[in-house]
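Participant: curious how this folds, go ahead:
(chains A, B, C and D)
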There are 2 protein chains.
Amino acid sequence: MDRRQQKTRDAIFKAFGVLLAQKSFSKITVQDIIDEANIGRTTFYDHFETKDYLLKEMCADLFAHVFSDKLSAEGTHDFSLITGNPRAMVTHILYHLLDDERNILGMLTNESNELFLGFFREYLSELIADHMLNGLELRGKRVPDDFLVNHISSSFVGMIQWWSRNGLKQSPEEMSEYFMAVIAPSI
Amino acid sequence: MDRRQQKTRDAIFKAFGVLLAQKSFSKITVQDIIDEANIGRTTFYDHFETKDYLLKEMCADLFAHVFSDKLSAEGTHDFSLITGNPRAMVTHILYHLLDDERNILGMLTNESNELFLGFFREYLSELIADHMLNGLELRGKRVPDDFLVNHISSSFVGMIQWWSRNGLKQSPEEMSEYFMAVIAPSI
DNA sequence: AATAATCACAAACAAACTGTTTGGTATCTT
DNA sequence: AAGATACCAAACAGTTTGTTTGTGATTATT
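Facilitator: All right, here's what the predicted structure looks like:
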């Protein structure tokens, strides 16, 4: 990819992140992004068809990072036990949300990030369906599988919002415990 | 209240409802509302300072209806067992969502109703805190009360979205059962 | 090193939306 | 009947959007 392209793309993403932490998606104008990123008007529309597509691509970028298993090498914390261990997986993701240089939490909680939350839940659902529902033949099957997946991802997002709204006072480990306490009994 | 005022107010609410079922809140313009409601531009701004306030007032209106206990007299279904009976309460609300002449479900599920969902959850949380957490001294207190309230309301909204996304194939009773199946164990 | 392709940019543009003002008309209240 | 209240069209300045045009800079190709 052209170095120039990558540069402006990064600038836009960064500017967008800054703005998303300040105000809600719907109140951010393309003009704001252009100003914050310090690029030309034409350039923005060269890269993204619209503000919505920008969000979409940025989410794909961010969440691919947060939910990737490849990051084990980073060494920030221990990942060795993750596979098949729901609680460790939750903790893992929460650490990522805290760590990330880009302000994901700010975006997730800043009221009204409809689309953003939607994407987050999409990624989450996939992850849950793949890794948390393994022993599902063993369960009583009182509810459909996809209902359960939906329930867990809703709860996860809800947890994060609660966490952030209350000032992130709890540690990721503590939040995982809360989360598992309300989720585990239903699995 | 002046009959004229009430009339335009209703027209605006109705138009807004129609539009919300069609497209997301952020894509609805004041102009759309004016056209759909067939009122003058000035009139709209006489009633509502902005689109956001319109939503806010409309939500207050709708949810006060859905969550009110006074509706027992309507006779659409049985309310006698509601108090202290979480499952009946859930069923009760689901019926209301289906019944209501105003398309609440359409609004709740049409992607991206940030604010709308927010208001819905506010009402829900209050209801839950008041009626579903009575025996809470009995519980193990593994998680904070407000975390639990948040968890339940998140799950409720998530359930509704799943329900609607899948075409409302299940009966309210069935959905209540699903819901209680995943929620009850954690209470 | 020269050439071609790609990218960034400013400036100007039409179109749509917002929120307000003005002046006039219909409806309600007393 | 008179005054108050609500409605309305028309016009408005100010934003925002997405596009077009022409130009200069950077990168890739040969």
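Participant: tell me what the helix or strand bottoming out on mean pLDDT in chain A is packed against?
Facilitator: The helix or strand of chain A with the lowest confidence, counting by mean pLDDT, DSSP states H and E, is helix A:104-109 at a mean of 76. Packed against helix A:104-109, as judged by 3 or more CB pairs under 8 Å, 6 or more residues apart in numbering or on different chains; DSSP states H and E, are the following elements: helix A:3-22, helix A:86-99, helix A:114-131, helix A:145-165. Backbone N, C-alpha and C define where each C-beta goes, glycine included.
Participant: show me which residues of chain A are close to DNA strand D?
Facilitator: By CB under 7 Å from any atom of the strand, the part of chain A that sits against DNA strand D consists of A:D2, A:R3, A:R4, A:T29, A:V30, A:Q31, A:R41, A:T42, A:Y45, A:E49, A:T50, A:K51.
Participant: local confidence estimate at the third one?
Facilitator: The model reports A:R4 with a pLDDT of 95.
Participant: now A:E74
Facilitator: A:E74 is assigned a predicted lDDT (pLDDT) of 45.
Participant: and for A:G158?
Facilitator: Predicted confidence (pLDDT) at A:G158: the value is 94.
Participant: got the residues of chain A near chain B?
Facilitator: By the criterion of CB under 8 Å from any CB of the partner chain, the positions of chain A lying close to chain B are A:24, A:26, A:111-115, A:118, A:142-144, A:146-148, A:150-151, A:153-155, A:157-159, A:161-162, A:177-178, A:181-183, A:185-186.
Participant: 7 Å instead, please
Facilitator: Proximity of chain A to chain B, by CB under 7 Å from any CB of the partner chain, involves residues A:26, A:111-112, A:114-115, A:118, A:142-143, A:147-148, A:150-151, A:154-155, A:157-158, A:162, A:178, A:181-182, A:185-186.
Participant: derive a ChimeraX selection command for the buried subset of the residues you listed.
Facilitator: For anyone working in ChimeraX, the buried entries among the residues of chain A next to chain B, judged by 16 or more other CB atoms under 10 Å in any protein chain shown, can be selected with:
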select /A:26,112,114,115,143,147,148,150,151,154,155,157,158,162,178,181,182,186
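Participant: JSON lines for the residues of chain A next to DNA strand D, including neighbour count and secondary structure?
Facilitator: Supplementary listing: these in JSON lines, determined by neighbours: other CB atoms under 10 Å in any protein chain shown; DSSP: H, G, I helix; E, B strand; the rest coil:
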{"residue": "A:D2", "neighbour count": "8", "secondary structure": "coil"}
{"residue": "A:R3", "neighbour count": "6", "secondary structure": "helix"}
{"residue": "A:R4", "neighbour count": "9", "secondary structure": "helix"}
{"residue": "A:T29", "neighbour count": "11", "secondary structure": "coil"}
{"residue": "A:V30", "neighbour count": "14", "secondary structure": "helix"}
{"residue": "A:Q31", "neighbour count": "10", "secondary structure": "helix"}
{"residue": "A:R41", "neighbour count": "10", "secondary structure": "helix"}
{"residue": "A:T42", "neighbour count": "8", "secondary structure": "helix"}
{"residue": "A:Y45", "neighbour count": "12", "secondary structure": "helix"}
{"residue": "A:E49", "neighbour count": "10", "secondary structure": "coil"}
{"residue": "A:T50", "neighbour count": "11", "secondary structure": "coil"}
{"residue": "A:K51", "neighbour count": "18", "secondary structure": "helix"}
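Participant: before we move on, the earlier item: which residues touch the least confident helix or strand of chain A?
Facilitator: Residues outside helix A:104-109 that contact it (CB atoms under 7 Å, 6 or more residues apart in numbering or on different chains) are A:20-21, A:62, A:66, A:97, A:113, A:116-117, A:120, A:160-161, A:164-165.
Participant: biggest separation within the residues of chain A next to DNA strand D, which pair?
Facilitator: Between any two of the residues of chain A next to DNA strand D, the greatest separation by CB to CB is 28.1 Å, found for A:R3 and A:T29.
Participant: distance from the chain centre to the helix or strand hosting A:C59, please.
Facilitator: Secondary structure here is read from DSSP states H and E; on that basis A:C59 sits in helix A:51-66. Chain-centre distance of helix A:51-66: 9 Å, with CA atoms, centre = their mean, to the nearest Å.
Participant: quick check: buried residues in stretch A:55-65?
Facilitator: Of the residues in stretch A:55-65, A:L55, A:K56, A:M58, A:C59, A:L62, A:F63 count as buried by neighbour count, 16+ other CB under 10 Å.
Participant: now swap in stretch A:30-49 and tell me
Facilitator: Using 16+ other CB under 10 Å as the burial criterion, the residues of stretch A:30-49 that qualify are A:D32, A:I33, A:I34, A:E36, A:A37, A:I39, A:T43, A:F44, A:F48.
Participant: what about these, which are in helices?
Facilitator: The members of the buried residues of stretch A:30-49 that map onto helices under DSSP state H are A:D32, A:I33, A:I34, A:E36, A:A37, A:T43, A:F44.
Participant: hmm, which two among those are most spread apart?
Facilitator: Between all members of those, the longest pairwise span (CB to CB) is found for A:D32 and A:T43 and amounts to 14.9 Å.
Participant: coming back round to it: what's the closest of the ones in helices among the buried residues of stretch A:30-49 to A:E173?
Facilitator: Looking across these and measuring by CB to CB, the closest to A:E173 is A:E36, at 35.6 Å.
Participant: not counting its neighbours along the chain, what's nearest that closest one?
Facilitator: By the measure of CB to CB, 6 or more residues apart in numbering or on different chains, the closest residue to A:E36 outside its immediate chain neighbours is A:A15, 3.7 Å from it.
Participant: likewise A:A129?
Facilitator: Sequence neighbours aside, A:V149 is the residue nearest to A:A129 in space, at 5.0 Å (criterion: CB to CB, 6+ apart).
Participant: what residues does the one you found make contact with?
Facilitator: Listed by CB under 7 Å, 6+ apart, the contact partners of A:V149 are A:S125, A:I128, A:A129, A:L133.
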